[in-house]
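A.B. asks: Turn this into a structure:
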Amino acid sequence: MKKIFAILLCVFALFAVSSCSDDDLPPDSVGIYVRTFNKEKFSVENVDDILSNINVAVRNDSISTKPIVVRNVGKWGEINIFFTTEAGYRDWIQIAESDFQDVLKGDSPYYIVLNDVEGDCYDSRYETKKLHFAKSERRVCDIYMKRIED
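C.D. replies: Residues are numbered from 1 along each chain as shown. Alright, predicted model coming up:
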């Protein structure tokens with residue numbers, strides 16, 4: 001029994017040491033975190049004021065007239081959009097190093113459209129908003145979506 005325990009301990013130690021390589025570290029990334037709320041009736045106490053299932057499209061007009069990526073905010077009205085230069089990270093958008101540096105500097109052709117007409121879960125009851133990766137705009141933001149009158 002002691003030999004089995006010692007062998008298992010050695011295997012675990014080897015696994016732990018081998019899993020600490022630099023290849024497993026996540027790449028540099030830059031992104032934006034957005035939470036969406038109903039502008040007209042928002043209150044901190046009312047969870048129903050959170051707008052869930054609003055789409056968020058990533059666009060770059062110099063690449064395509066269509067959205068590059070479209071995702072939907074979750075149940076709590078939150079979404080993270082990450083850009084990286086390395087491949088293989090699920091749900092992260094891979095871009096060239098020069099574009100990555102432009103996003104970091106706040107001078108990028110990439111922008112985000114909330115409630116994009118061309119995306120899934122478009123809600124015609126709410127306005128469409130654009131967020132650019134500019135120096136003056138925050139990367140973590142609460143967006144209050146105005147309801148359009150019918």
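A.B. asks: from here on, contacts and neighbour counts on C-alpha atoms
C.D. replies: Will do.
A.B. asks: residues touching Val113, list them.
C.D. replies: Going by Cα atoms under 8 Å, 6 or more residues apart in numbering, Val113 touches Val56, Ala57, Val58, Arg59, Thr128, Lys129, Lys130, Leu131.
A.B. asks: Show the backbone phi and psi for it.
C.D. replies: Dihedral pair for Val113: phi -120, psi 120, per degrees, to the nearest 10.
A.B. asks: got it, and the one 5 residues further on?
C.D. replies: Reported as degrees, to the nearest 10, the phi and psi values for Glu118 are phi -90, psi 0.
A.B. asks: what about it, distance to Val70?
C.D. replies: Glu118 sits at a distance of 9 Å from Val70 (criterion: Cα to Cα, to the nearest Å).
A.B. asks: In terms of neighbours, single out the busier of the two.
C.D. replies: Between Glu118 and Val70, counted using other Cα atoms under 10 Å, the more crowded position is Val70 (20 against 12).
A.B. asks: in the sheet, who's paired with the more buried one?
C.D. replies: Ala57 (DSSP bridges).
A.B. asks: surely it meets Tyr122?
C.D. replies: No. Checked against Cα atoms under 8 Å, the pair Val70 and Tyr122 is beyond contact range at 10.7 Å.
A.B. asks: between these two, what contacts are shared?
C.D. replies: When Cα under 8 Å, 6+ apart defines a contact, the residues bordering Val70 and Tyr122 alike are Asn55.
A.B. asks: circling back: could you save the contacts of Val113 as CSV and add columns showing distance to Val140 and pLDDT?
C.D. replies: As requested, those are exported to CSV (distance: Cα to Cα, whole Å; pLDDT from 0 to 100):
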residue, distance to Val140, pLDDT
Val56, 15, 91
Ala57, 17, 92
Val58, 16, 91
Arg59, 18, 92
Thr128, 18, 92
Lys129, 15, 91
Lys130, 14, 90
Leu131, 11, 86
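A.B. asks: Validate this expectation: Trp76 resides in a strand.
C.D. replies: No. Using DSSP: H, G, I helix; E, B strand; the rest coil, the assignment for Trp76 is coil, not a strand.
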